[in-house]
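# After the sequence you'll find the predicted model.
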Amino acid sequence: EKKVASLGDDQRSRVRAEFQGDGPLAFLFAQPDITEILVNGAQDIWFERSGSLQRHDDRFISALSFRNYCFRLMEEARVQLTCEHPCAHGHIRQFRLHMIGSELTGTETHLSFRRHPDNPWTFSRLNENKWGTNDQIESLRNLVKSRMNFLVVGGTGTGKTSVLNACLQSLPPNERCVLIEDTLELKVPNQASMRLLTREDPNGILKRVDQTELVRNSLRLRPDRIVMGEIRGNEAKDFLMALSTGHAGSFGTLHASTAAQALIRLEMLIQMGAPHWSLSAVRRLMQMSLQAIVVIGRRESGERYLEGVYRISSLEENGILLE
């Protein structure tokens with residue numbers, strides 16, 4: 001304490017942050033235009049601003065103080081990182097947190113923070129940021145308004161969650177949405193709506209609750225729309241089955257670079273949940289339950305943009321046709 005007292009105000013704040021707060025990350029957390037923070041150990045910190053990755057000029061004082069910070073993070077996010085379970089994800093303040101232990105990195109624990117802004121994106125903000133042309137954004141708005149079922153697809157970091165939030169913010173206050181997610185990312189659009197989250201217990205004491213089970217439960221909750229944060233497994237079958245039986249206006253995201261790639265990946269995910277189905281049956285379900293695919297991208301400069309809106313027009317012998 002005597003040594004700390006002899007330091008200047010900025011130095012005292014920095015030392016206390018190292019042992020009690022967020023250390024070198026405190027400055028980055030305070031910058032609203034920083035969208036992602038990547039920590040590759042105590043000495044190597046990166047952040048994303050305006051779509052560009054930059055290296056932070058600060059670092060943790062020592063490996064010990066970084067390790068203690070990781071313990072504070074786990075306590076705050078209510079997650080555990082152990083030798084048996086070296087991966088953990090959770091939510092902390094405005095960020096989605098993902099942790100990878102040293103057993104998998106070979107060096108130190110690695111951290112990833114992705115910011116979720118307090119004010120979610122809207123169609124107006126997308127227009128102001130030149131995300132797409134007026135006609136393109138109007139087409140997306142019409143998909144939501146006319147209660148079409150659609151998927152938003154794109155690669156990592158293209159802003160799929162932001163687009164889903166813009167769609168959600170355009171809904172009227174008396175439409176009930178059930179949001180299905182792995183982590184807290186989407187903004188519940190109104191007081192009539194609700195969120196369902198998956199559950200993982202690394203200790204194996206509690207039963208695992210996956211997105212497939214959440215989709216089935218959502219059907220008993222009187223949803224006007226079902227919105228899935230990301231389709232990534234055999235829940236694709238149950239989600240599309242729900243869409244094909246009357247839940248018009250539902251949407252979700254899928255990791256794919258193009259509309260054609262999205263259809264192929266969706267086929268594979270459905271077959272994971274229904275391996276006994278023929279390919280023609282899988283494609284028939286896709287054609288019955290989806291009306292459009294929205295493709296978004298990211299330029300080399302980091303700028304995110306709307307690549308196109310594709311309508312699912314018909315089912316032919318060689319597959320689904322897009323317009």
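Here it is on my side, so go on.
# ok so residue 230 is a strand residue?
Yes: counting by DSSP: H, G, I helix; E, B strand; the rest coil, residue 230 is located in a strand.
# quick one: pLDDT of it?
Note for residue 230: predicted pLDDT of 92.
# The stretch 201-323 of the chain: strands as residue ranges?
Here the stretch 201-323 of the chain has its strands, by DSSP state E, counting those that start in this stretch, at 225-231, 251-255, 292-298, 304-316, 319-322.
# Mind putting those into CSV with mean neighbour count and distance to residue 101?
Bear in mind the C-beta positions are built from the backbone N, C-alpha and C, glycine included. Shown next, in CSV, are these (neighbours: other Cβ atoms under 10 Å; distance: least, Cβ to Cβ, whole Å):
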stretch, mean neighbour count, distance to residue 101
strand 225-231, 23, 24
strand 251-255, 22, 24
strand 292-298, 21, 29
strand 304-316, 17, 31
strand 319-322, 16, 42
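# right, and the ones you listed - which one's nearest residue 39?
Closest to residue 39 of these is strand 292-298 (Cβ to Cβ; 22.4 Å).
# For that closest one, output the C-alpha coordinates as PDB.
The C-alpha coordinates for strand 292-298 follow below in PDB (Å, rounded to 0.1, in the frame of the first residue of the first chain):
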ATOM      1  CA  ALA A 292     -36.100 -16.500 -48.400                       C
ATOM      2  CA  ILE A 293     -32.400 -16.400 -47.500                       C
ATOM      3  CA  VAL A 294     -30.600 -13.100 -46.600                       C
ATOM      4  CA  VAL A 295     -26.900 -13.200 -47.400                       C
ATOM      5  CA  ILE A 296     -24.600 -10.700 -45.600                       C
ATOM      6  CA  GLY A 297     -20.800 -10.300 -46.000                       C
ATOM      7  CA  ARG A 298     -17.700  -8.400 -44.800                       C
END
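# how about the closest residue to residue 192 other than its chain neighbours, phi and psi?
Of all residues not flanking residue 192 in the chain, residue 176 sits nearest, at 4.5 Å (Cβ to Cβ, 6 or more residues apart in numbering). Dihedral angles of residue 176 (phi, psi; degrees, to the nearest 10) stand at phi -90, psi 120.
# Residue 176 contacts residue 189, doesn't it?
No: using Cβ atoms under 8 Å, residue 176 is not in contact with residue 189; the gap is 9.6 Å.
# between these two, which one's more packed in?
residue 189 (22 against 16; other Cβ atoms under 10 Å).
# quick one: which helix or strand includes residue 26?
Assigned by DSSP states H and E, residue 26 belongs to helix 25-29.
# In the protein, where is pLDDT below threshold?
1-9, 118, 202-203 (pLDDT under 70).
# Redo the strands of the stretch 201-323 of the chain as CSV? Include distance to residue 89.
Output for the strands of the stretch 201-323 of the chain, formatted as CSV (distance: least, Cβ to Cβ, whole Å):
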stretch, distance to residue 89
strand 225-231, 13
strand 251-255, 16
strand 292-298, 22
strand 304-316, 23
strand 319-322, 33
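# For residue 237, find the nearest of those strands.
strand 225-231 (10.0 Å).
# Next, the angle strand 251-255 makes with the closest one.
Following axes from the mean of the first three to the mean of the last three Cα atoms, to 10 degrees, one obtains 10 degrees for the angle between strand 225-231 and strand 251-255.
# Touching strand 225-231 from outside, list them.
Residues from elsewhere that reach strand 225-231 (Cβ atoms under 8 Å, 6 or more residues apart in numbering): 147, 151, 160-161, 164, 168, 171, 175-183, 185-186, 211, 215, 218, 235, 239, 242-243, 247-255, 266, 269.
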